[in-house]
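>>> starting from these lines, generate the structure:
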Amino acid sequence: MIERKVKRITVKLKFLGGCNEIGRIAIAVKKDDTQILLDYGVLFNDQPGFPMHIPPRDVDAIFLTHAHLDHSGGIPLFHITSSVPVYGTKLTFELSELLIADFIKLSGYYLPFEYLDLRSMMKSCVFMEFDKPVTVKDMKVTLLDSGHIPGGGQVLIETDKKRILYTGDFNTIDTELLKGADTDYGELDCLIIESTYANEDHPERRSLEKTFVESVEEVVEDGGTVLIPAFSVGRAQEIACVLRTYNFKYPVYMDGMARKVNLIFLNNLSGLRDPMLFKDTMHMVREVGGWKDRREAMRKPGVIITPAGMLKGGPAAYYVQHIGKKKNNAVFLVGFQVPGTPGRELLDKGRCVIDGKVRKVKARVEKFDFSSHCGAKELKETVKSVEGNPKVFVIHGADTNCVDFAEWIRNEVGLDAEAPETGDIVSI
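This next block holds a predicted model:
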C-alpha cells in the first residue's frame, strides 16, 4: 500500500495596517506564489501615515474597496516604478482620482509620491462590476455592494476550497442615497470585519431624517441660515437627498469639492439607490461658483452644504466664521468628528476660529448621526447570520472597539475571533 501525502492548502493573511485604529487599512492575502492586497490607505495625523511596506514586485493585484483615503490613499506608492493592476468599480476610481489629487495638493510636501504616480495608478485600473468575479492566477475575486458610499464594495476571495470575505467599510441599512450592503456571502472560512461603531448604535434612520429636517426648517423659518459641514463624497449628497425627500422648500446651496462629486454621480447613476431622486435633488441644489455666490448664500435664510465635514479647511471653515456669529443661525454636524479637529472642538466646547481668534459661537450647534457604517446592532446581526464556521478578524476600530467586538463574537456567537496587531501573519 502506497501512502500519499495530502498537500494542505494554506492561505496566509498579513495585516499591514488598520489594526486597532481607523486608517491606513491594508491586508495582504497570499497563497503559494499568488499575493493580492486589499486596500492600501493612509492615516491622518500631523503627517500622513502609511501601512507596512510591501514590495510592489511581490504584489499581483490590489483590490480597492472604495475611494476614501484611509483605504485608497497609499496606492500610488505601487506606481512610482511599477504598474501593479488595481481592481475596483469605475465609480470608485473616478472618486479616488479626485480625492487623491486633492490629498497630493494639500499634503504633497509630506508624500513619497506625486501627481505623475497618480496618473500611472489610473492607467493601471481594471474596472469591475458587482457580483462579476475576476481571476488573478489561482484566486477568484468578487466585489459585493457595501452600501457605504457609491461604488464601494466588499471583497470575496475564493481559492481552492477557501472562502474569505473582507467587508471593508459597510452599511446594511438603506439610505436615501444607497441600498444596504449585500450580505449574501454563502459559507465562509474567514471573515475580516470592520468595527468602527462596534460599541455604539445609530438612531433609527427615518426618525433621524424627520428630526433633522424639522430642525433645519425651524432655523430657516426663524430667518436663519443652517451650515452643514459634510464630507464631499456621499454625505453631502445624502443630506441633499434627505431634504428633497421631505419636500424642503427653502434654498439649498452646495459648495466645494462636493460639486465635482455631484457630477461624477450624475454620470454613474446606476450606482445609486434612486437615480430619479438624485436627479431631482441636483435640480433643487444651487451650486456655489465663487466668493460672490458665497456671500449671496449667507444673505437669505436657507441651507449651505459644504466640505470639510470636520471644519478642517474647505469652504466650511470660511462660512462658520460668519454663520457662527448670529444666534438665529445653526451649524449642524452630520458626520463623525475626530478628536482634535475644529468640528470636535465646536461640538464639545461650542467654539471655533472666528476672525483669527478662538471664540464662542452664538449659532445653534447640533450633531445628527448620519453614519455610512453599520452600528453595533447591524455588525452583530451580520456576524450572527454568517454561514459556516469562519475564523473572524476584527479591524478598523478606534480605542478598544476591535478587542471588545472580537470578545463579544467569541462569547455570544461562539466563533473564533481576534483583533490582530499590525504585522500579524495568520494562516487560514
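
>>> okay, now the unreliable bits of the stretch 1-150 of the chain?
The stretch 1-150 of the chain contains residues with pLDDT under 70 at 1-9.

>>> count the neighbours of the residue lying closest to Gly108 once chain neighbours are set aside for me.
Nearest residue to Gly108, sequence neighbours excluded (Cβ to Cβ, 6 or more residues apart in numbering): Glu114, at 6.8 Å. C-beta coordinates here come from the backbone N, C-alpha and C atoms, glycine included. Other residues within reach of Glu114, judged by other Cβ atoms under 10 Å, total 12.

>>> Ser270 now?
By other Cβ under 10 Å, 9 other residues sit near Ser270.

>>> roughly how far does it sit from Leu64?
The spacing between Ser270 and Leu64, counted by Cβ to Cβ, to the nearest Å, is 19 Å.

>>> again with Val358
Here the criterion is Cβ to Cβ. By it, Val358 lies 39 Å from Leu64.

>>> more neighbours, the two?
More crowded of Val358 and Leu64, by other Cβ under 10 Å: Leu64, with 29 against 11.

>>> could you check how far the more buried one is from Leu263?
Separation of Leu64 from Leu263 (Cβ to Cβ): 21 Å.

>>> next up, the contacts around the residue nearest to Tyr115 when sequence neighbours are not counted.
Leaving aside its sequence neighbours, Tyr115 sits nearest to Ile104 (Cβ to Cβ, 6+ apart; 5.8 Å). By Cβ atoms under 8 Å, 6 or more residues apart in numbering, the residues touching Ile104 are Leu111, Phe113, Glu114, Tyr115, Leu118.

>>> center of the chain, which residue is that?
Centroid-nearest residue in the chain: His68, 4.9 Å away (criterion: Cα atoms, centre = their mean).

>>> with Gly356 as the reference, measure out to that one.
Separation of His68 from Gly356 (Cβ to Cβ): 32 Å.

>>> residues contacting the helix or strand harbouring Val426, please?
Following DSSP states H and E, one finds Val426 within strand 425-427. Identification of contacts with strand 425-427 by Cβ under 8 Å, 6+ apart yields Thr10, Val11, Lys12, Leu13, Lys14, Phe15, Lys391, Phe393, Pro420.

>>> could you redo the last one with a cut-off of 10 Å?
With contacts defined as Cβ atoms under 10 Å, 6 or more residues apart in numbering, strand 425-427 is touched by 8, 10-15, 28, 30, 190, 391, 393, 418, 420.

>>> next step: those residues restricted to helices.
Using DSSP state H, no member of the contacts of strand 425-427 falls in helices.

>>> is it possible to export those to CSV including distance to Asp46 and neighbour count?
Shown next, in CSV, are these (distance: Cβ to Cβ, whole Å; neighbours: other Cβ atoms under 10 Å):
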residue, distance to Asp46, neighbour count
Arg8, 46, 6
Thr10, 40, 12
Val11, 37, 20
Lys12, 34, 14
Leu13, 30, 22
Lys14, 27, 19
Phe15, 24, 23
Ala28, 27, 20
Lys30, 33, 21
Cys190, 35, 20
Lys391, 36, 18
Phe393, 29, 25
Glu418, 31, 17
Pro420, 26, 21
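
>>> okay, the residues you listed in a markdown table with distance to Pro76 next?
Output for the contacts of strand 425-427, formatted as a markdown table (distance: Cβ to Cβ, whole Å):
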| residue | distance to Pro76 |
| --- | --- |
| Arg8 | 37 |
| Thr10 | 31 |
| Val11 | 27 |
| Lys12 | 26 |
| Leu13 | 24 |
| Lys14 | 21 |
| Phe15 | 21 |
| Ala28 | 18 |
| Lys30 | 22 |
| Cys190 | 29 |
| Lys391 | 32 |
| Phe393 | 27 |
| Glu418 | 32 |
| Pro420 | 26 |
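
>>> about what we covered before: would you agree the residue nearest to Tyr115 falls within a helix?
Yes. Assessed with DSSP: H, G, I helix; E, B strand; the rest coil, Ile104 lies in a helix.

>>> and which of the contacts of Ile104 is nearest Ala198?
Leu111 (31.4 Å; Cβ to Cβ).

>>> how many neighbouring residues does that closest one have?
Using other Cβ under 10 Å, Leu111 has 20 other residues around it.

>>> in this structure Lys391 contacts Ile193, no?
No. Lys391 lies out of contact with Ile193 (Cβ atoms under 10 Å); the separation is 11.3 Å.

>>> any common contacting residues for these two?
Listed as contacting both Lys391 and Ile193 by Cβ under 10 Å, 6+ apart are Ala417.

>>> give me the neighbour count for the nearest residue to Glu187 once chain neighbours are set aside.
Closest residue in space to Glu187, ignoring its immediate chain neighbours: Gly388 at 3.6 Å, by Cβ to Cβ, 6+ apart. The number of residues packed near Gly388 is 13, by other Cβ under 10 Å.

>>> with Leu165 instead?
22.

>>> part of a helix, is it?
No. Counting by three-state DSSP, Leu165 is not part of a helix but strand.
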